[in-house]
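**Student:** structure of the sequence below:
(2 chains)
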Amino acid sequence: MEVSMSVNGESQTSDVEPRTLLVHHIRDDLGLTGTNIGCDTSSCGACTIHVDGQSVKSCTMLAVQADGAEITTIEGLASDGGELHPMQAAFMECHGLQCGYCTPGMVMAATSLVAENPDGLDETAVREGLEGNLCRCTGYHNIVKAVLSVGGGA
Amino acid sequence: MSAIGAPLKRREDPKLLSGEAKYVDDIQVPGQLWMGMVRSPMAHAKIESIDTSEAEAHEGVHAVYTGPQLQEMGLWIAPLPCAWPVTDDMVNPPHYPLATDEVHHVGEIVAIVLADSRYGAVDAAELVIVDYEPLEAVASIAAARDGDTMAHSDLDSNKSFHWPLVPDPDALDAAFANATHTIEAEFVQQRLIPAAMEPRGVLAVPSPMGGDVTLYSATQVPHILKVMAAATTGIPESKIRVIAPSVGGGFGAKLNINPDEILAISLANKLGRAVRWTESRTEAAFSTHQGRGQLQKIELAADTDGKLLGCRVHVDADMGAYMMLITPGVPLLGSFLYTGVYDVPAFGFTCDGYFTNLTPTDAYRGAGRPEASYAIERAMDILAAEVGIGPDEIRRRNYLGGGDYFENLEVPSTLVFDSGHYGPNLDKALELAGYEELKAEQARRREAGDSKQLGIGLVTYVEICGLAPSRALGGLNYGAGGWEHATVRLLPTGKAEVVSGSTPHGQGHETTWSQIVGDKLGIPPEDVTVLHSDTAISPLGLDTYGSRSLAVGGVAIAAACDKVVEKAKQIAAHQMEASADDLQFEAGAFTVSGSPDKQMAIQEIAFGAFTAHDLPDGMEPNLQEQVTFDPPNFVFPFGTHVCTVEIDEDTGNVELLSYVAVDDCGTQINPMIVEGQLHGGIVQGVAQALWEEACYDEDGNLTNPSLMDYLVPSPTEVPSMVTDYTVTPSTSNPLGVKGAGEAGTISSAAAVMNAVVDALSPYGIRDMDMPATPQRVWRTINDAKNGGAA
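**Tutor:** Next comes the predicted model:
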């Protein structure tokens, strides 16, 4: 089936098997391998991307369901000049990553969490907002710190 | 400012944060074939027949192979290796990449398909029809020990080995005979699924004309994998290149030689096509080893004051279906730590290793040492209650060296502890935790009959890491050394390159190594490039496990830097026409005593060493030195952790209120990285205490293989932690560094369970198994209320 979507601002049209998961389409067909796969039960959130501005686990959607959608992956988050997005910079500043595998999904989930809470987040809200994203390295301590540093409000 | 000790931001991060980093599954090559695994759904069965016809006919399928076919093709020349035959008579049934006639655990591979797509390989694997004759399964250590059923039909016992460490049996018996207080406790170390966030994967790429093959693997141990792949497949070692690209966590689970790795490299070599496989998360519960799996019995003997006289331990360890790379050695790594930080005059440890029809066990963060730490630290609390003193006091009375500073102290388990200073470490932790205030609050709640009771758990741990002196490993029958290699070179441009045999998978080696080199050579850390994880670039190495990277690999780098500086000094003396003895090296430049105007920067000397126009007679050009460091001793980090929990008696829910950790890993190179390691380690131990367990039914089926059912903690389960340090430099290496990678895990399960049991102690509850799930806690409380204390 033919699917078209805008991915990180570029329009992409491909022929995919109808059963192709969106995450496999992004990774295997479009070659955007920054979006990772950490499970097969939509539990870990490593594959989190933005679909029409909302954070979505890209293993929970078929590629064909994203036909016509605007997609942002981790590769599309930094500025064109390569400057890190404030959330990416905060993760680096606060040491919110170690092996880095959960990181793209975590950063995508965190940017959308902050965008959805313009009045600011407290620690509990950050933890609850990121409940669908698993990390095995950091114990979450520094991830929470990073997200609060961007979206903690005044 | 010295680069050592600075919380430098990690140079690894931009690539990881932007999605630019490449993990194995991110690397695609033309013409690649996908492996699909046909796995046994039975824990123990005879393979009667395998029908591959439907799978072979499936579109896009290149081939389907069974175990006997691959054996016939010569895909392997030896079973998968066990590098640690702990005794000469250890029973070790051959473990081939595929089962050939009998399967011994759910998930063992019985056939493989090669297809031209990711989905096609999975589809075709499902079309292979296997006829099994079921056999009775051995689904627990207890069943293995009973011995009514054999995990391997051709064996007459499930026991693989008996390993004793009883330095003085008479003294041990006397200690118990003379004791005022004796306690005995049994603990279950449940099986855990390591669950690094990146599943394992492999990609083998042949060069058909050149006859060599490159294996990309999500591994902690590319160097060991290269040697073992050669030994297992018969491909000459010189033809194998192993690359560990970005690796998404390991925690021991990527410290193995797995069927998929051997299959990929050998098939690629035979077929001249790239072959790949990536495990799914649920598959990983079978295709990657598990951790822990021990039944422990510990006895302590103490005098009237609670001063320890003896410690006797027996462990029954679940090997699973086969011996993998270091399966039988895991309980031995713990054996030396059952006396913890305590002065115990008499000690004895024995271990029996048993086969079961479950996924093999092997290293998981801490590997044997969290188990040991758990046993002694839980037992110390039980002893404290028996003696009638507090958990802090029982520890204080028994610390090695009386809690004062000591170095190079021999302990009864025959090891020599490098350095320790336990008293101030405990003081600091208790103060930071507000221990007295916590106790007052606990008393208040108990008095008020509050439905939410407070529990305070205290642990002082020590661990043995920095694996390891090669001779010590030899003494334990381990099949390799414990050295690490480093090469340091100054390039003509004045930048440095360091080649490390130690292989990172999240630890931030590049940043830490650049700090060591920057500090030693007096150049900016950003001028240091770190090369690693590719056997063609870094041919010598023993990789990353056992919190060894810094204490062995980092020390090798520092020593290589020293050699570079020494050679540079000879060049500087020659070119400045001074005696080398009159030169000082500081901040990257040589100066001459008494001639402050004379100075040469090390970068300048590097260029001079490259042009070689004016070197001392007989000196080789270039500034490059290498060191293979074999440590004279292990390192022994320690620390005190205080955990506070609140238990809701109505629901059995355990909530972590606070976690305070004061660790001592000697000199720190990058405190930010150390703290991050501790955070992650602590949560992994907490998870064992409260949530995680690989659950098997009586037929040997794993009932919770997916992340839907196996609770890897999410951000909501854990609190932020409080971390602080004492610094007691190691005497085992010139940097004074110890390890920090496993420390958190080694202490935290015991800290949490000490807190849980403390909260429930008013009910007469003395112990509880992990994980302390709400159901188990609730039942334990209810049973105690109804008269039967646990």
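**Student:** what's the distance between B:H532 and B:T745?
**Tutor:** Per C-beta to C-beta, to the nearest Å, B:H532 is found 24 Å from B:T745. No exception for glycine: its C-beta is placed from N, CA and C like everyone else's.
**Student:** likewise for B:G250?
**Tutor:** Applying C-beta to C-beta, one obtains 13 Å for the distance of B:G250 from B:T745.
**Student:** equivalent analysis for B:Y119, please.
**Tutor:** Remark: distance between B:Y119 and B:T745 (C-beta to C-beta) = 37 Å.
**Student:** the more surrounded of these two?
**Tutor:** Using other C-beta atoms under 10 Å in any protein chain shown as the criterion, B:Y119 and B:T745 rank with B:T745 on top: 29 against 17.
**Student:** hey, where'd the strands end up in the stretch 451-600 of chain B?
**Tutor:** B:452-462, B:484-490, B:496-500, B:528-531, B:583-586, B:589-592, B:595-601 (DSSP state E, counting those that start in this stretch).
**Student:** in the stretch 301-450 of chain B, what residue comes closest to chain A?
**Tutor:** Using C-beta to the nearest C-beta, B:R365 is the residue of the stretch 301-450 of chain B that sits closest to chain A, at 9.6 Å.
**Student:** what about that residue, how many residues close to it?
**Tutor:** 28.
**Student:** with the one 4 residues further on instead?
**Tutor:** Taking other C-beta under 10 Å as the criterion, the count of residues near B:R369 is 27.
**Student:** and B:H223, by the same measure?
**Tutor:** 24.
**Student:** who are the contact partners of A:G34?
**Tutor:** Each residue near A:G34 by C-beta atoms under 8 Å, 6 or more residues apart in numbering or on different chains is listed here: A:73-75, A:104, B:18-21.
**Student:** what about the closest residue in space to B:N622 that isn't next to it in sequence, helix or strand, and which?
**Tutor:** In this structure, B:N622 finds its nearest non-sequential neighbour in B:A609, 5.4 Å apart by C-beta to C-beta, 6 or more residues apart in numbering or on different chains. Assigned by DSSP states H and E, B:A609 belongs to helix B:602-611.
**Student:** that helix: which residues count as buried?
**Tutor:** By neighbour count with 16 or more other C-beta atoms under 10 Å in any protein chain shown, helix B:602-611 contains the buried residues B:602-610.
**Student:** I'd say A:T72 and A:M5 touch.
**Tutor:** No. Look at A:T72 against A:M5 with C-beta atoms under 8 Å: they stay out of range, at 10.9 Å.
**Student:** spell out for me which residue occupies the centre of chain A.
**Tutor:** Nearest to the geometric centre of chain A sits A:M108, at 2.9 Å (C-alpha atoms, centre = their mean).
**Student:** re the thing from before, what is the helix or strand that the helix holding B:A609 is followed by packed up against?
**Tutor:** Counting by DSSP H and E, the element after helix B:602-611 in chain order, helix or strand, is strand B:623-629. Judged by 3 or more C-beta pairs under 8 Å, 6 or more residues apart in numbering or on different chains; DSSP states H and E, strand B:623-629 is in contact with strand B:484-490, helix B:555-576, helix B:602-611.
**Student:** got the ones you listed as a markdown table, with mean pLDDT columns?
**Tutor:** Listed next are the helices and strands packed on strand B:623-629 as a markdown table, based on pLDDT from 0 to 100:
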| stretch | mean pLDDT |
| --- | --- |
| strand B:484-490 | 98 |
| helix B:555-576 | 98 |
| helix B:602-611 | 97 |
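**Student:** looking at the ones you listed, which is buried most?
**Tutor:** When you average the neighbours per residue for each of the helices and strands packed on strand B:623-629 (mean count of other C-beta atoms under 10 Å in any protein chain shown), strand B:484-490 leads with a mean of 26.
**Student:** name every strand pairing with it and say which way it goes.
**Tutor:** Here strand B:484-490 is paired, per DSSP bridges, with strand B:496-500 (antiparallel), strand B:623-629 (antiparallel).
**Student:** hmm, who's touching it?
**Tutor:** Residues outside strand B:484-490 that contact it (C-beta under 8 Å, 6+ apart): B:496-502, B:517, B:521, B:538, B:540-542, B:548-549, B:552-553, B:555-557, B:559-561, B:563-564, B:568, B:602-603, B:605-606, B:609, B:622-629.
**Student:** hmm, back to that, pull the contacting residues for the residue nearest to B:N622.
**Tutor:** B:490, B:567-568, B:571, B:615, B:621-623.
**Student:** equivalent analysis for B:T233, please.
**Tutor:** B:T233 neighbours (C-beta under 8 Å, 6+ apart): B:75-77, B:262, B:265-266, B:269.
**Student:** let's see the pLDDT reported for it.
**Tutor:** The model reports B:T233 with a pLDDT of 98.
**Student:** that one and B:I77, how far apart?
**Tutor:** Applying C-beta to C-beta to B:T233 and B:I77 gives a distance of 7 Å.
**Student:** please name every helix or strand in contact with the longest helix that chain A contains.
**Tutor:** Looking across chain A with DSSP state H, the single longest helix is helix A:103-116. Other helices and strands packing on helix A:103-116, by 3+ C-beta pairs under 8 Å, 6+ apart, are strand A:48-51, strand A:54-57, helix A:86-93, helix A:123-129, helix A:141-151, helix B:13-18.
**Student:** 10 Å instead, please
**Tutor:** Judged by 3 or more C-beta pairs under 10 Å, 6 or more residues apart in numbering or on different chains; DSSP states H and E, helix A:103-116 is in contact with strand A:48-51, strand A:54-57, strand A:70-72, helix A:86-93, helix A:123-129, helix A:141-151, helix B:13-18.
**Student:** pLDDT of that helix, averaged?
**Tutor:** Mean per-residue pLDDT for helix A:103-116: 98.
**Student:** equivalent analysis for stretch B:434-451, please.
**Tutor:** 97.
**Student:** now do stretch B:659-669: distance to the chain's middle.
**Tutor:** Distance of stretch B:659-669 from the chain centroid (C-alpha atoms, centre = their mean, to the nearest Å) equals 18 Å.
**Student:** what is the least confident helix or strand in chain B?
**Tutor:** In chain B, the helix or strand scored least confidently by mean pLDDT, DSSP states H and E is strand B:595-601, which has a mean of 91.
**Student:** outside of that strand, which residues touch it?
**Tutor:** Here strand B:595-601 makes contact (C-beta atoms under 10 Å, 6 or more residues apart in numbering or on different chains) with B:494, B:522-523, B:568-569, B:571-573, B:575-578, B:582-583, B:585, B:587-592, B:607-608.
**Student:** now B:F406, nearest residue through space, not along the chain?
**Tutor:** Leaving aside its chain neighbours, B:F406 sits nearest to B:G420 (5.6 Å; criterion: C-beta to C-beta, 6+ apart).
**Student:** B:V38 belongs to a strand?
**Tutor:** Yes. Using DSSP: H, G, I helix; E, B strand; the rest coil, the secondary structure at B:V38 is a strand.
**Student:** show me the contacts for it.
**Tutor:** B:50, B:52, B:55, B:64-66, B:98, B:109-113, B:124-130.
**Student:** now do 6 Å
**Tutor:** B:V38 is in contact with B:110-111, B:125, B:128, counting by C-beta atoms under 6 Å, 6 or more residues apart in numbering or on different chains.
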